[in-house]
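build the 3D model from these lines:
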Amino acid sequence: MADVKINYQRLQNSSVPTWLGLVIGSWFGLAWAGLLSAPVGIGFGVAAGTAMGGFLAVPVWGTFWGLIGLGRQREAAVRQHGITLLEPDDPLAQRVYILAAQLGLKTRPWVGVMAHNNAYAIGSSPESALVVIGQPLIDTLNEAEVDAIIGHELGHIANNDMRRMGLARSFQNSLVWYLGFSKTLQRWARWLLTWLSEFLVLSLSRRREFWADAIGAALTSKEHMIAALEKLHDSPPLSAFERENARLMFRGIPGLLFSTHPTLRERRAALNSERFLKRIPVRRQQESLPLEPAIALPNVEDIAYAKR
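Prediction:
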């Protein structure tokens, strides 16, 4: 593990710019809905009036239900995703705590394991975050590579990515709900009415992976982060669960315009060039704070449930 302490206070982690972009995107979607509905008999004046009413309603709904949903996300994930929560003295949990301290987080996230060959972090804030590591990762990666993935997920927490992505989906759902689309038509309606924001959200999702990779590399090394990415790239195809929750996952849907994640080639190139890594604020030595009372960093081989 690299002896690095990241200056958490200097991370660019405010979700306000994302929220403002979502408000503007929802307004664009409402205006676009008015134009689409006019030719099919609703009438431009009626459609415009409906859209104008939503200029306040959709941002309010999107913000309110987005925050409510994020607040319930951890409990829902534990209930629905087959996650086993770990006790604080568990060796894997202690690894997460040490890396979180190096990152500068003031609280310890919940830690859990799941059966899928992936990892993710959820929660409305660092104080309520949950880091989930797949059992197959613990079984197949070495300890430095597991640390790199943990650092990546902690990077999402530090960068407030869960709130950004949760609000993005809530705003899009609020728009289609406001315009009266049923739940079965929401995916179609979302693409028809919010195509611009959908592309922007996917772009945000891809970009946040670069930053999370950089934080994982800063806490370990870029070589370990690349090694973890390469091993996962050769893993079996994504399961239905992983594809459904691709935006949350360490390994998601790679590609270009319609993808949630950059390609392996792009992620590896960004790490090798240190395009994002060199922009991670690191504490100067005299600013560095000691880690929490010395907890011996356990090896993956010492974790009971990692043993085959």
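
got a list of what the residue nearest to Ser197 when sequence neighbours are not counted touches?
Among residues not flanking Ser197 along the chain, Gly25 sits closest, at 3.6 Å (C-beta to C-beta, 6 or more residues apart in numbering). No exception for glycine: its C-beta is placed from N, CA and C like everyone else's. Gly25 makes contact with Phe171, Thr194, Leu196, Ser197, Leu200 under the criterion C-beta atoms under 8 Å, 6 or more residues apart in numbering.

pLDDT score for the second one?
Read it as Thr194. With respect to pLDDT, Thr194 has a value of 65.

cool, and the one 3 residues further on?
Ser197 carries a pLDDT value of 70.

my guess is it contacts Asn173, does it?
No. Taking C-beta atoms under 8 Å as the definition, Ser197 is not a contact partner of Asn173, at 11.6 Å.

just the pLDDT at Leu86, thanks.
95.

same check on Ala240?
Looking at Ala240, its pLDDT stands at 92.

give the next helix or strand downstream of the host helix or strand of Leu22.
Using DSSP states H and E, the element containing Leu22 is helix 16-37. On the C-terminal side of helix 16-37, the closest following helix or strand by DSSP H and E is helix 44-80.

and that next one, what does it pack onto?
Using 3 or more C-beta pairs under 8 Å, 6 or more residues apart in numbering; DSSP states H and E as the contact test, the elements touching helix 44-80 are helix 16-37, strand 119-122, strand 130-134, helix 161-178.

looking at these, which is nearest to Leu229?
Closest to Leu229 of the helices and strands packed on helix 44-80, according to C-beta to C-beta: strand 119-122, at 11.9 Å.

what's the mean pLDDT across that closest one?
For strand 119-122, mean pLDDT rounds to 94.

low-confidence stretches in this structure?
When residues are selected by pLDDT under 70, those of the chain lie in 1-4, 12, 34, 36-52, 181-195, 284-308.

90 instead?
Residues of the chain that meet the criterion pLDDT under 90 lie in 1-61, 64-82, 104-107, 123-128, 159-205, 233-236, 244-245, 247-248, 255-258, 281-308.

tell me the helix or strand right after the helix or strand in which Ser203 is found.
In this structure, Ser203 sits in helix 195-219 according to DSSP H and E. Next along the chain after helix 195-219, taking DSSP H and E as the criterion, comes helix 222-233.

CA atoms of that next one as PDB?
Extracted as PDB, the C-alpha positions of helix 222-233 are listed here (Å, rounded to 0.1, in the frame of the first residue of the first chain):
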ATOM      1  CA  LYS A 222      -1.100   2.800 -10.900                       C
ATOM      2  CA  GLU A 223       0.400  -0.600 -11.700                       C
ATOM      3  CA  HIS A 224      -1.900  -2.300  -9.100                       C
ATOM      4  CA  MET A 225      -4.900  -0.400 -10.400                       C
ATOM      5  CA  ILE A 226      -4.100  -1.500 -14.000                       C
ATOM      6  CA  ALA A 227      -3.500  -5.100 -13.000                       C
ATOM      7  CA  ALA A 228      -6.900  -5.200 -11.300                       C
ATOM      8  CA  LEU A 229      -8.600  -3.800 -14.400                       C
ATOM      9  CA  GLU A 230      -6.900  -6.200 -16.700                       C
ATOM     10  CA  LYS A 231      -7.800  -9.200 -14.600                       C
ATOM     11  CA  LEU A 232     -11.400  -8.100 -14.400                       C
ATOM     12  CA  HIS A 233     -11.400  -7.400 -18.200                       C
END
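
that one versus helix 195-219: what angle between them?
Note on geometry: by axes from the mean of the first three to the mean of the last three C-alpha atoms, to 10 degrees, helix 222-233 and helix 195-219 are set 130 degrees apart in direction.

please state the offset of helix 222-233 from the chain centre?
Distance of helix 222-233 from its chain centroid, counting by C-alpha atoms, centre = their mean, to the nearest Å, is 18 Å.

renumber starting at 2 from here on
Sure, I'll start counting at 2 from here, so that last one is helix 223-234.

what helices and strands are in contact with that helix?
helix 144-159, helix 196-220, helix 265-274.

tabulate the ones you listed (TSV), appending distance to Leu93.
Converted to TSV, the helices and strands packed on helix 223-234 look like this (distance: least, C-beta to C-beta, whole Å):
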stretch	distance to Leu93
helix 144-159	8
helix 196-220	16
helix 265-274	24
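
JSON lines for those, including distance to Ala101 and mean neighbour count?
Converted to JSON lines, these look like this (distance: least, C-beta to C-beta, whole Å; neighbours: other C-beta atoms under 10 Å):
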{"stretch": "helix 144-159", "distance to Ala101": "6", "mean neighbour count": "26"}
{"stretch": "helix 196-220", "distance to Ala101": "10", "mean neighbour count": "21"}
{"stretch": "helix 265-274", "distance to Ala101": "21", "mean neighbour count": "16"}
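
many thanks, we can stop here.
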